[in-house]
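[1] 3D model of this:
(2 chains)
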Amino acid sequence: MSAFWPFIVIGLFTGSVYGLSAMGVVLTYKTVGVFNLAYGAVAMFCAYTYWELHDHWHLSAWIAMPILFLVVAPIIGIALEALYRPLAGLSAEVLIVVSLGVLALLASLVPIIYGSQDRQLQAIFPIKTFVLGSHLHVGYDQMGTLLISLLMAGVLWALLRHTSFGTSTRAVVDNPDLADMIGIHGDNIRRAAWILSSVFAALVGILISPSQGLDINQLILVVIFAFAPAVLGFLYGLPAAYLGGLALGILGSILSKYSNSGTVANIEAALPYLAFFALLVLFGPRLKEVGAATRPLSVARTTSAAVGNAGRRASKFVVGVAGRRVGLDRRLAVGLAAFVLALMAPLAFHGLGLFIITGAMIYALIALTLVVLTGWAGQISLAQFAFVGVGAFTVGHLSGTHGEHFLFATLIGVLLAAPLGLIVGAASLRLSGLYLALATLAFALIMDQVVFNRVDVSRGITGITVPRPQFFGISFTGRASLYELVAIIFGLAAITAYALRNGPIGRRLHILRDSPLAASTLGVNLVVTKLIAFTICGMVAALGGALYGAWQQSITPFDFMWSASLQLLLVVVLGGRSNISGALLAGTTFGVLIIPGIPPDVTKAIQLTIAFGVIGLAQEPEGTVAMTKRQTNHVMAVMRPLPRRRSRRAGAAAAPAAVVVAGTTVAANGGPRVNGQDRRVAATIGAREGTNGHAG
Amino acid sequence: MPADIDAATMTVAAGMEDPTAVLSASDVSVSFGGLNALSNVSLSVPAGKIVGLIGPNGAGKTTMFNVLTGLQKTTSGRVRFMGADISSWPTHRRGRAGMARTFQRLALFTRMTVHDNLVASWESSHPGGVFGRRRSERIARVRAVMDLLNLWPLTDRLGGELSTGQGRMVELGRALCTDPRVLLLDEPGSGLDAKETAAFSDVLRMVVTGPDMPGILLVEHDMALVMEVCSSLTVLDFGKIIATGTPDEIRQDPTVRAAYLGDASVV
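    Model (predicted):
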């Protein structure tokens, strides 16, 4: 037993940090209903701020820490509260997207503000050990971290148990609307929760940065370790989160005793994610989404958000009144014309330019799978690049190392992705919304750690060489021919998706997104539908991976890291997650970012723009496309000729009258969107139609 | 019990099989932890009849609906539908077999048009629908429902932009598109004004007397609507049946009056 003690001590040290992080995550989730995926980014930002104050400005720790805990962290907390307040009660999808946007924002701000050079960090506690018992050496840093985290856990627990703040918080957690009615200021409570959570994040950041180093991705990742205990916290409260963190730390540490390399080491590294995935799937049916569970107004809120869209929808309706069919056909025609133009691109672009466009198109193909899965079927996947990796590495091994035919290798890669799609799909049977998204994140991390990082799979940093394909007597080794192959595959995929979108299959996916409950009572087998959606999208992503390998010709695990899937979701949201053009825009963004020789400042600016754009457009399924459309409609509305007198007659056939009806009844439901003139018209219409003014 | 209770009501009260019933539940109990949400509730819905399920808030009406549609597991009891024991069927299988419901809180497909709401409903409930088969049949059915409920003015509106009254109509239409043998309506009258309620009760009568003669189980707080359209009523309180009978009998029942104390004028 004594051989275990050193590992238990190390485990307690890391586990206490997990516990602290988990409590911070649970705090905001329980009080506000937001699962803060950006929690690690807040910790990372605070750590950088602390070391900037301490090392760069040469402030003593006694000044730097109060600045961090009393000024910086609370400001972040207040900013986050202000950001999320108007989003209360919206769907899990929007909240996840916003929190990923915040993550991206902080991750792109840090290099801009603090630079990205490596720093030598001083230890916060003395680098000495003392001997406990007969021969157990314990570092002061370990002991200090454990004591601080215990202290903070105790303080938080006492605060929630034994003060009026605690009672109010529990009231808000239980029923925010009721709490408001009995005079508890919900906004203040939520703000306090955000501030506390940020302070915890800051503490986590400075406690782990001396041992983990000051690295943006590493610090974000370490906090994801804490998501597994956080799940326990959702179910059994804050102490469970803390104890879960300790247990996870100790378990991981003991496992590390048995492993230096090989499978056990892989499993040890992936333990937090495996635990996260297992806990989610195990407790899935018991996990309730806080937003949905405690907010009776959530339905009404969602509806009003939809009404927000309705204004735009109405104007689209207006445009389409005369001929809805024509509108659809026109879109298809534009798409086909673009496709033909795209096939001719090699006439205009050569060499590097063509190489980059090819990459952008492969990325667009991968993005298309996310559009179908997330935008249409409402299933958030944070694991698309895991499938891409499976396709790419399979082709790399079979076609590269073993010299098999490219088509055969691709087929195997795509088929291998199917059972993985089934695994993620199976998780979706027990989980939905937020928890499904988290499970896919855990899946991506597991694939990253357990599979792609194995030397026999990826050959580590050196990677695998993938040959360019050659089949049907055609060689695709040249840039132009490879481009044509990719363009044809993407074009076929996009046209198929477009054809399915407005048909029965598209409708099946849309009802899965809008109301799974209603869909199942109508006779939709949710299990089968979700499994098929995840599997097919995974297979197409794997096809994208095969092309990705052929395009890059050399692939490493870094190409398919879990963060690539997050980045994919961000650019797809930006481009418009419900549109095929959203996938194209995502591809374009990717293409711009991989242009060699692009100045780092421009890259940073693009990253920042993406982050801001995502936060701003999270509620907009059509992303920038919707924005552009709205602007175009504004311009068109100004240019439109004034309605002629005869059209004021009530006849439904007169198109401009239909314009007024559609626009204003919607506006009447939307409430604040109505301006004075509209309201007058709306009142008239309401009186005429009877039911319309009756907003839900 | 009054002496003039008819045979059908007797069997319902005794929890026995009613041969004319399309849907029947016998001795259904549900408990959440220590709380008995439903204890030994039996009811049956005959074809072509509207049966009301009433009771104060929290009496277990929506729980009963969830049991019937398979969204809620029972502690004990059976559910029979068109002669088959469907107690273990999943929700979607019941939907396909001809059971349709609406929701107390609207559950429309908010980002789809009204027309697509109905089309998707038909496609979901008919085999092959998702592959676009039996297109002409689908078009005819959706058209008929749009006509019946007068939904044409709303054709291209999105589910999310409708008023509650319009939404209730669309939910009813969506349920009708499944060619239901039994319709479960969960407070369809809430959020409707007097005019809309009147229109709604007309529609309900049209539906039950229509060619398919579906049975309707109606949960409703609007007593005027319930008394007007229902042919028999079951009253729940604290998860137990406290009375069954025709609207007139229920109106006279002292237990029901006690349960609705303070609301006595509406009963």
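
[2] for residue A:271, give its distance to residue A:248.
    Per Cβ to Cβ, to the nearest Å, residue A:271 is found 7 Å from residue A:248. For glycine as for every other residue, the C-beta is placed from the backbone atoms N, C-alpha and C.

[3] so which of the two has more stuff around it?
    Higher neighbour count among residue A:271 and residue A:248: residue A:248, with 25 against 20, using other Cβ atoms under 10 Å in any protein chain shown.

[4] so that one, which of the three states?
    helix (DSSP: H, G, I helix; E, B strand; the rest coil).

[5] pLDDT score for it?
    The per-residue pLDDT reported for residue A:248 equals 89.

[6] with residue A:465 instead?
    Listed pLDDT for residue A:465 reads 85.

[7] can you check the one 4 residues further on too?
    pLDDT recorded at residue A:469 is 84.

[8] that one touches residue A:550, doesn't it?
    Yes - in this structure residue A:469 lies within contact range of residue A:550 using Cβ atoms under 8 Å: 5.5 Å.

[9] could you pull out the residues contacting both of those two?
    By Cβ atoms under 8 Å, 6 or more residues apart in numbering or on different chains, residue A:469 and residue A:550 have these common neighbours: A:406, A:476, A:482.

[10] for the residues you listed, which one is nearest chain B?
    Using Cβ to the nearest Cβ, the shortest approach to chain B within the shared contacts of residue A:469 and residue A:550 belongs to residue A:406, at 32.2 Å.

[11] give me the nearest residue to the closest one, chain neighbours excluded.
    Once flanking residues are discounted, residue A:406 sits nearest to residue A:469: 3.7 Å by Cβ to Cβ, 6 or more residues apart in numbering or on different chains.

[12] the one you found: how many residues sit nearby?
    24.

[13] now do the same contact list for it.
    Counting by Cβ under 8 Å, 6+ apart, residue A:469 makes contact with A:399, A:406-407, A:476, A:482, A:485, A:550.

[14] quick one, domains of chain A?
    Domains of chain A are assigned by automatic domain parsing as A:2-261, A:349-627, A:643-689.

[15] burial count for the residue of chain B found nearest chain A?
    At 2.5 Å from chain A, residue B:160 is the closest residue in chain B, using Cβ to the nearest Cβ. Neighbour count of residue B:160, defined by other Cβ under 10 Å: 25.

[16] got phi/psi on residue A:129?
    Backbone geometry at residue A:129, expressed as degrees, to the nearest 10, gives phi -120, psi 160.

[17] quick check: beta-bridge partners of the closest residue to it other than its chain neighbours?
    Among residues not flanking residue A:129 along the chain, residue A:137 sits closest, at 4.4 Å (Cβ to Cβ, 6+ apart). Here residue A:137 sits in beta bridges with residue A:131, as judged by DSSP bridges.

[18] and residue A:137, what's its pLDDT?
    Residue A:137 is assigned a predicted lDDT (pLDDT) of 74.

[19] and if you look at residue A:674?
    At residue A:674, the model reports a pLDDT of 36.

[20] wait, residue A:555 touches residue A:396, no?
    Yes - under the criterion of Cβ under 8 Å, residue A:555 makes contact with residue A:396 at 5.8 Å.

[21] shared neighbours of these two, anything?
    Common neighbours of residue A:555 and residue A:396 (Cβ under 8 Å, 6+ apart) are A:464, A:466, A:549.

[22] thought the second one was touching residue A:555?
    Yes - taking Cβ under 8 Å as the contact criterion, residue A:466 and residue A:555 are neighbours in contact, 6.2 Å apart.

[23] now do the shared contacts for the two.
    Shared contacts of residue A:466 and residue A:555, counting by Cβ under 8 Å, 6+ apart, come down to A:392, A:396, A:549.

[24] quick one, phi psi at the first one?
    Per-residue torsions, residue A:392: phi -70, psi -50 (degrees, to the nearest 10).

[25] again with residue A:349
    Dihedral angles (degrees, to the nearest 10) for residue A:349: phi -110, psi 150.

[26] where does chain B have low pLDDT?
    Low-confidence segments of chain B (pLDDT under 70): B:1-19, B:261-267.

[27] please apply the same query to the stretch 251-400 of chain A.
    Low-confidence segments of the stretch 251-400 of chain A (pLDDT under 70): A:259-263, A:288-329.

[28] helices of that one, residue ranges please.
    With helices called from DSSP state H, counting those that start in this stretch, the stretch 251-400 of chain A shows them at A:262-283, A:290-294, A:298-320, A:324-343, A:345-348, A:351-370, A:384-395.

[29] that older thread, and the residue nearest to residue A:406, how far from chain B?
    For residue A:469, the distance to chain B equals 33 Å [Cβ to the nearest Cβ, to the nearest Å].

[30] please state the backbone phi and psi of that residue?
    For residue A:469, the backbone dihedrals (degrees, to the nearest 10) come out as phi -70, psi 160.

[31] low-confidence regions, the stretch 101-250 of chain A specifically.
    Ranges of the stretch 101-250 of chain A meeting pLDDT under 70: A:118, A:126, A:133-134.

[32] looking at it, which residue is nearest chain B?
    Per Cβ to the nearest Cβ, residue A:177 is where the stretch 101-250 of chain A lies closest to chain B, at 14.8 Å.

[33] can you tell me the element that residue falls in?
    Assessed by DSSP states H and E, residue A:177 sits inside helix A:176-181.

[34] could you dump that helix to PDB, C-alpha only?
    Taking Å, rounded to 0.1, in the frame of the first residue of the first chain, the C-alpha atoms of helix A:176-181 are listed here in PDB:
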ATOM      1  CA  PRO A 176     -36.100  31.900 -11.500                       C
ATOM      2  CA  ASP A 177     -39.500  33.400 -12.300                       C
ATOM      3  CA  LEU A 178     -40.900  32.600  -8.900                       C
ATOM      4  CA  ALA A 179     -37.800  33.900  -7.300                       C
ATOM      5  CA  ASP A 180     -38.200  37.200  -9.200                       C
ATOM      6  CA  MET A 181     -41.800  37.400  -8.000                       C
END
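
[35] list the buried residues for it?
    Using 16 or more other Cβ atoms under 10 Å in any protein chain shown as the test for burial, helix A:176-181 gives A:176, A:179.

[36] got the buried residues for whatever helix or strand comes next after it?
    For helix A:176-181, the succeeding helix or strand toward the C-terminus, using DSSP H and E, is helix A:186-212. Using 16+ other Cβ under 10 Å as the test for burial, helix A:186-212 gives A:186, A:189-212.

[37] so which other helices or strands are in contact with helix A:186-212?
    Applying 3 or more Cβ pairs under 8 Å, 6 or more residues apart in numbering or on different chains; DSSP states H and E, one finds that helix A:186-212 contacts helix A:5-32, helix A:39-51, helix A:73-84, helix A:140-162, helix A:164-174, helix A:176-181, helix A:216-224.

[38] pretty sure residue A:239 sits against residue A:157.
    Yes - using Cβ under 8 Å, residue A:239 is in contact with residue A:157, at 6.5 Å.

[39] just put the shared contacts of residue A:466 and residue A:555 in JSON lines and tack on distance to residue A:529 and neighbour count.
    As requested, the shared contacts of residue A:466 and residue A:555 are exported to JSON lines (distance: Cβ to Cβ, whole Å; neighbours: other Cβ atoms under 10 Å in any protein chain shown):
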{"residue": "A:392", "distance to residue A:529": "28", "neighbour count": "29"}
{"residue": "A:396", "distance to residue A:529": "33", "neighbour count": "29"}
{"residue": "A:549", "distance to residue A:529": "31", "neighbour count": "33"}
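
[40] can I get those residues in CSV with distance to chain B?
    Converted to CSV, the shared contacts of residue A:466 and residue A:555 look like this (distance: Cβ to the nearest Cβ, whole Å):
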residue, distance to chain B
A:392, 32
A:396, 37
A:549, 34
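
[41] and which of the residues you listed is nearest residue A:350?
    residue A:549 (22.9 Å; Cβ to Cβ).
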